[in-house]
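In: Give me a 3D structure for the following:
(chains A and B)
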Amino acid sequence: MSELARLAADFPILGREMNHRRLVYLDSAATTQKPVQVLEAMDAFYRRHNANVHRGAYALAGEATDLYEGARAKVAAFIHAASPREVVFTRGTTSAINTVAYGWGLYRLRPGDRILLTVMEHHSNVVPWQLVAHHTGAELAYLPMDREFQVDLTALGELLDERVKVVGITGMSNVLGTIPPVAEVAAAARQAGAITVVDAAQMAPHVPLDVQALGADFLAFSAHKMLGPTGIGALWGRLDRLEAMEPAEGGGEMISDVDLHHSTWAEVPQKFEAGTPPVAEAVGFGAAVDYLSAIGMDAVREHEVGLTAYALERLSAVPGLTLHGPADVAARGGVISFTLADIHPHDLATILDQQGVAIRAGHHCARPLHRLLDVPATARASLYVYNTREDVDALLAGLGEARRLFGVP
Amino acid sequence: MSLDDLYREVILDHYRNPRQRGSLEHPDAHAEGQNPLCGDEISLDLALEGDRVTDVRILGRGCSISQASASMMAEAILGKTRAEIGELTRRFKVMMEIEEGDAGLDEERPGAALGDLEALQGVRRFPVRIKCADLPWVTLADALGASSPPAGD
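Out: From the prediction side, this is the model:
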């Protein structure tokens, strides 16, 4: 852990002060900070290699294309995809899920078909399916949660009937930290004739990921939650699925031929990348996975398990504090949601901000889950590679100040 | 900027013991307000006799600032006419816009007539929280705007 703690020096923003205190950044589930390696890779792209990709017969365009496709290969290797062709660059997790909803769901779902989600999904793995259900007459159904904040698999046999055509599941809850048994669910879905779409926005940055072993059909994640830039993410899909899927967006770069009334599509993955892609962002994404790979995702996970265990232990000792998530660190990541007595999470966030501690307060784009938890909002501290025990200690000190201000015994 | 200025005792008192809490069976005016990004919610019922607010009930949930602001507002508008409420709203808005100044509120300054609401002036030092304090007032304007078309304003 001490070795990883030194990583903070790679993140320039972590050297700044906030409200006259050291910035303690505990909102990596919302977005992560960026190491100099990512910033420099993007800067170097614009300074030395900028041109549009996949066109232009000059050498500079070739360099840009090589960097863009090189980034795709890095991302593919990072998740153990069978081939770089299985990685489609998107604007992020949300647009990746929409690509599947509109490219696969819209064309194949029929009235009475079912889309099975879990109650702990982020809005980005709920709303696209609601839209497609509205267009197709398909229905939504939900896997419940058990008392350990885990997806309740006992309901899976009952709910996963022949009507279910799509199963959507998070790889790690952005509220509870829960890591659901995705491989088990994907195997059951495949047997039932349904495809599985994994929202890996919180999973890909934090746990070693092997998409071939996972057994899902599609998996979506965002660069900005794993040390990379905003504006880019990836949709991984099994090659046969991607080849069978329609493009959700049309435009330049994604066609093979266009006449006035008809077009044919480019090969996968270009078929799904209409328009000029975010090339510098792709380069930054590649640098981010290089950075994570150099640490090793096993080491990342180990660091976070240790830090999460420490945080949970200290938080559980705070009188009046309720943790919303699994107690078992093996079943969860470093996303820690809590409420403290009658102090509203927004008030907690303001008070912590004054100590330099940045946390998130609200419903974290998971309103259905908060209704289930019967809390309108939670405070959420989320950890990453650059966080340390000192950061957790700063959080605890801030909570002490909140209790003083609100007169909570 | 001090947290003790933000979380004054009177604010915590209104937060924990909200005045005029509840709803009316047959309100003459009603509006609901929420800040979708943070989830604060206010439901406001008004009883009106002519131009005057004769009863006000508020239900809501959210942070101490939004809920205390709602409670203080309910107390402040009870028995007031539309014109008086318009003036109160104006004073509240001006108070929340003042950038600097620890001079306290003199008679000439807009906060002076606001009673408990004065306590909310600490919020303006925390710009991301101003929308919390504003929520009940925006909801009030909705309710009064919807209850009858404003005559010439």
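
In: Report how many residues lie close to the residue in chain B positioned nearest to chain A.
Out: Chain A sits closest to B:C63 of chain B, with a gap of 3.8 Å, by CB to the nearest CB. Using the backbone N, CA and C atoms, a C-beta is placed for each residue, glycine as well. Applying other CB atoms under 10 Å in any protein chain shown, we find 28 residues neighbouring B:C63.

In: Isn't it up against B:D40?
Out: Yes: contact criterion CB atoms under 8 Å: B:C63 and B:D40 qualify, at 6.2 Å.

In: Who are the contact partners of whichever residue of the stretch 151-300 of chain A sits closest to chain B?
Out: In the stretch 151-300 of chain A, no residue comes nearer to chain B than A:V175, which is 13.0 Å away by CB to the nearest CB. By CB atoms under 8 Å, 6 or more residues apart in numbering or on different chains, the contact set of A:V175 is A:120, A:324-325, A:335, A:337, A:364, A:366, A:369-370, A:378, A:380.

In: That one - that's part of a strand, no?
Out: No: remark: A:V175 does not belong to a strand; assigned using DSSP: H, G, I helix; E, B strand; the rest coil, it is coil.

In: Now the phi/psi pair for A:V197, please.
Out: phi -120, psi 120 (degrees, to the nearest 10).

In: let me redo that: A:L340
Out: Dihedral angles (degrees, to the nearest 10) for A:L340: phi -130, psi 110.

In: can you check B:S69 too?
Out: B:S69 adopts backbone torsions of phi -60, psi -40, taken as degrees, to the nearest 10.

In: Secondary structure element holding the nearest residue to it once chain neighbours are set aside?
Out: In space, and not counting its chain neighbours, B:S69 is closest to B:A133: 4.5 Å by CB to CB, 6 or more residues apart in numbering or on different chains. Taking DSSP states H and E as the definition, B:A133 sits inside helix B:130-147.

In: Overlap of the contact sets of B:C63 and B:D40?
Out: A:346, B:132.

In: Would you confirm that B:L78 contacts B:A47?
Out: No: counting by CB under 8 Å, B:L78 sits too far from B:A47 to count as a contact (10.0 Å).

In: Low-confidence bits of the chain, can you list those?
Out: All of this refers to chain A. For chain A, applying pLDDT under 70 flags the ranges A:1-5.

In: nope, chain B please
Out: B:1, B:98-113, B:146-153.

In: which parts of it sit against chain A?
Out: Contact residues, chain B versus chain A (CB under 8 Å from any CB of the partner chain): B:1, B:3-4, B:6-7, B:12, B:16, B:37-41, B:61-65, B:126, B:128-129, B:132.

In: Which among those count as buried?
Out: B:3, B:6-7, B:12, B:38-41, B:61-65, B:126, B:129, B:132 (16 or more other CB atoms under 10 Å in any protein chain shown).

In: Please narrow those residues to those residing in helices.
Out: If you go by DSSP state H, these have B:3, B:6, B:12, B:64-65, B:132 in helices.

In: Let me see the ranges of the helices in the stretch 301-409 of chain A.
Out: A:345-353, A:367-373, A:389-405 (DSSP state H, counting those that start in this stretch).

In: Find the one among those with the highest mean neighbour count.
Out: Comparing the helices of the stretch 301-409 of chain A by mean neighbour count (mean count of other CB atoms under 10 Å in any protein chain shown), helix A:345-353 ranks first with a mean of 24.

In: Remind me what that one packs against, helices and strands.
Out: On a contact count with 3 or more CB pairs under 8 Å, 6 or more residues apart in numbering or on different chains; DSSP states H and E, helix A:345-353 meets strand A:360-362, strand A:378-382, helix A:389-405, helix B:3-6, helix B:64-77.

In: Out of those, which gets nearest to A:M226?
Out: A:M226 sits nearest to strand A:378-382 of all these, at 12.8 Å, using CB to CB.

In: The closest one near chain B anywhere?
Out: No: no part of strand A:378-382 sits near chain B under the criterion CB under 8 Å from any CB; the closest distance found is 10.0 Å.

In: Buried residues in that strand, which are they?
Out: Here strand A:378-382 shows A:378-382 as buried, counting by 16+ other CB under 10 Å.

In: Can you report how many residues neighbour the closest residue in space to A:V392 that isn't next to it in sequence?
Out: The shortest distance from A:V392 to any non-neighbouring residue, by CB to CB, 6+ apart, is to A:A311 (4.7 Å). Close neighbours of A:A311, defined as other CB under 10 Å, add up to 26.

In: Verify the stated contact: A:A311 with A:G334.
Out: Yes: look at A:A311 against A:G334 with CB under 8 Å: they come within range, at 7.5 Å.

In: Identify the contacts common to these two.
Out: Counting by CB under 8 Å, 6+ apart, the contacts common to A:A311 and A:G334 are A:L383.

In: What about B:N17, how many residues nearby?
Out: Residues near B:N17, counting by other CB under 10 Å, number 10.

In: if I pick it, what's in contact with it?
Out: Per CB under 8 Å, 6+ apart, neighbours of B:N17: B:S71.

In: rewinding a little: let me have the helices of the stretch 301-409 of chain A in a markdown table, adding distance to B:D55 as columns.
Out: Output for the helices of the stretch 301-409 of chain A, formatted as a markdown table (distance: least, CB to CB, whole Å):
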| stretch | distance to B:D55 |
| --- | --- |
| helix A:345-353 | 29 |
| helix A:367-373 | 31 |
| helix A:389-405 | 33 |
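
In: out of those helices, nearest to B:A83?
Out: Minimum separation from B:A83 across those (CB to CB) falls at helix A:345-353, 33.5 Å.

In: List the contacts of the closest one.
Out: Residues contacting helix A:345-353 (CB under 8 Å, 6+ apart): A:18-19, A:339-340, A:358-362, A:377-379, A:395, A:398-399, A:401-402, A:405-406, B:3, B:6-7, B:38, B:40, B:62-65, B:126, B:128-129, B:132.

In: Now do that helix: distance to the chain's middle.
Out: 25 Å (CA atoms, centre = their mean, to the nearest Å).

In: now the angle from it to strand A:378-382?
Out: Angle, helix A:345-353 to strand A:378-382, by axes from the mean of the first three to the mean of the last three CA atoms, to 10 degrees: 40 degrees.
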